[in-house]
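Participant: Provide a 3D model corresponding to the input given below.
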Amino acid sequence: MCRIGAIKSKNYIHPSKALTLMRSMQKGHDNSGFAMVMQDLGGRFANYKELPILSMACTDQGTKIAEDILHDAGFSRIMQWNPDINPEEDLDIEPMPVYIFQVLHYPKSYKYAPAEEKEELLVETRLKIRKALEETGDGYVYSFWPDVLTLKEIGDPTDIGTYFNLWQEDEDFTAKIITAQCRQNTNYDIVRYAAHPFFLQGYTALANGENTFYEKNKNIQKSLYSGYIGFESDSQCFLYTLHYIHKKLKWPLSYYKHTITPLPFDEAEQREDKEILKSIRAALGNLEINGPNTIIGVLPDGTLFNTCDAKKLRPVVIGCTEDTAVIASEVTGLNEILPDRDWSTDIYTNERETVVITNDLEVQRWQQ
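Facilitator: Just a heads-up that it's a prediction; the model follows:
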């Protein structure tokens, strides 16, 4: 099984916290990779909240390919951070030659453009860079979005942390929300794009489990939006459905659970909103999922949530203090990160519930 985790705090936290969370659950994963998405950034990125950040790993040629595409589109670089690496011998890691985290200005023609146009420009540009890099085999682009940074790497999580000097806390590289996963994809080829978390237009999703309705989900999602591509992992479907329900259809988050794991017909028939539930099932039946899984998601406004499949066969636990909330596959992760919490308030999300953590760290339990 995979091991997943999320940390949301009122204070800025360093990625070492996420690595520590993952390391505490090491017996539950196979050390084949580590990936994280950092949102609501602090440190060196704190002054660029409204500007897009490009996260990519590539060759020198890949750098030129991306720069040419960005230049042609009218983007201009403001700041670039390249992590200081520690290439010790015997580290279990398959690094790329170059890692780029670059803050850019929007093209001048978009100065007064509506937010929706800017958002689509970022998706289109990222897809163009991705396609060009795939054609030459020169790298991977993970995200291109304001206030978001993404790293995906193959190897032992402990060694990955050592390679990028992430075990030593500092104030220059921080965020208030960090989602992370250990263990690379095992159902398909091991590629960096297959590593959770998955990100699109402010939405993040990661999962422990599998989706046996993957082909059904993929076939419909490919026709819904140009940003639904790749499908290197069956769990990417969880992100695309979240994005489609909440961003495209503009439905409340509560309907995400009703879409992916609908209530049995006899239970739905007893509800006041039964006609709505019938309509969801009729129109979006191909977005239903199946198989054991637990999902962690982040919305563009920073809302963090967790939900599980109806079988409840993948573990997850949520713990909180006054300033930090943690979701983890195992309680050992909470014990490592939040040892002083009130353990009696830990939540083990049930199969018909969505647990939501607001930006004030209020914990809400929505029953389906």
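
Participant: what about the stretch 101-250 of the chain, any weak spots by pLDDT?
Facilitator: By pLDDT under 70, the low-scoring segments of the stretch 101-250 of the chain are 183-190.

Participant: what ranges does it have for its strands?
Facilitator: 139-146, 148-154, 175-182, 198-200, 203-209 (DSSP state E, counting those that start in this stretch).

Participant: can you list the strands that the fourth one pairs with?
Facilitator: In the sheet containing strand 198-200, the strands it pairs with under DSSP bridges are strand 203-209 (antiparallel).

Participant: so how far is the partner strand from its chain's centroid?
Facilitator: Relative to its chain's centre, strand 203-209 lies at 6 Å (Cα atoms, centre = their mean, to the nearest Å).

Participant: can I get the strands of the stretch 101-250 of the chain in TSV including distance to Asp68 and mean neighbour count?
Facilitator: In short, each C-beta sits where N, CA and C put it, glycine included. Converted to TSV, the strands of the stretch 101-250 of the chain look like this (distance: least, Cβ to Cβ, whole Å; neighbours: other Cβ atoms under 10 Å):
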stretch	distance to Asp68	mean neighbour count
strand 139-146	13	24
strand 148-154	22	24
strand 175-182	30	27
strand 198-200	24	25
strand 203-209	29	25
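
Participant: of all those strands, which lies closest to Lys10?
Facilitator: strand 175-182 (7.2 Å; Cβ to Cβ).

Participant: who are the packing partners of that closest one?
Facilitator: Here strand 175-182 touches strand 3-13, helix 15-23, strand 33-41, strand 203-209, strand 293-298, going by 3 or more Cβ pairs under 8 Å, 6 or more residues apart in numbering; DSSP states H and E.

Participant: could you give the angle of that strand to strand 148-154?
Facilitator: Relative orientation of strand 175-182 versus strand 148-154 (axes from the mean of the first three to the mean of the last three Cα atoms, to 10 degrees): 20 degrees.

Participant: what angle do strand 175-182 and strand 33-41 make?
Facilitator: Using the same axes, to 10 degrees: strand 175-182 against strand 33-41 is 170 degrees.

Participant: now do the buried residues in stretch 39-50.
Facilitator: 39-45, 48 (16 or more other Cβ atoms under 10 Å).

Participant: relative to Tyr140, which of those residues is nearest.
Facilitator: Closest to Tyr140, out of all of the buried residues of stretch 39-50 and judged by Cβ to Cβ, is Gln39, at 19.3 Å.

Participant: low pLDDT regions in the stretch 251-368 of the chain?
Facilitator: For the stretch 251-368 of the chain, counting by pLDDT under 70, not a single residue falls below.

Participant: which residues of it fall in strands?
Facilitator: Using DSSP E, counting those that start in this stretch, strands in the stretch 251-368 of the chain cover 293-298, 304-308, 317-320, 324-328, 353-357, 363-367.

Participant: do you know which of the ones you listed lies nearest His105?
Facilitator: Closest to His105 of those, according to Cβ to Cβ: strand 293-298, at 25.6 Å.

Participant: strands paired with that closest one, and their directions?
Facilitator: Here, using DSSP bridges, strand 293-298 pairs with strand 203-209 (antiparallel), strand 304-308 (antiparallel).

Participant: quick check: closest non-adjacent residue to Ala205.
Facilitator: Among residues not flanking Ala205 along the chain, Leu239 sits closest, at 3.8 Å (Cβ to Cβ, 6 or more residues apart in numbering).

Participant: likewise for Cys308?
Facilitator: Per Cβ to Cβ, 6+ apart, closest to Cys308 is Thr294, 4.6 Å.

Participant: ok, what's across the strand from that neighbour?
Facilitator: Beta-bridge partners, per DSSP bridges, of Thr294: Asn208, Cys308.

Participant: now swap in the one 10 residues further on and tell me
Facilitator: Listed by DSSP bridges, the beta-bridge partners for Leu304 are Val298, Ile357.

Participant: that one reaches Ile177, doesn't it?
Facilitator: Yes: at 6.7 Å, Leu304 counts as touching Ile177 under the criterion of Cβ atoms under 8 Å.

Participant: CSV please, covering the strands paired with strand 293-298 and showing distance to Val103.
Facilitator: What follows is these, written out as CSV (distance: least, Cβ to Cβ, whole Å):
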stretch, distance to Val103
strand 203-209, 20
strand 304-308, 25
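
Participant: Gln102 is nearest to which of the ones you listed?
Facilitator: strand 203-209 (19.9 Å).

Participant: count of neighbours near Asp60?
Facilitator: Neighbour count for Asp60, taken as other Cβ atoms under 10 Å: 11.

Participant: pretty sure it contacts Met96?
Facilitator: No: the pair Asp60 / Met96 is not scored as a contact, 10.5 Å apart, by Cβ under 8 Å.

Participant: any idea which element His71 lies in?
Facilitator: helix 60-73 (DSSP states H and E).

Participant: contacts for that helix?
Facilitator: 54, 56, 58, 77, 97-98, 100, 104, 107, 121, 125, 128-129, 132-133, 136, 138-139, 141 (Cβ atoms under 8 Å, 6 or more residues apart in numbering).
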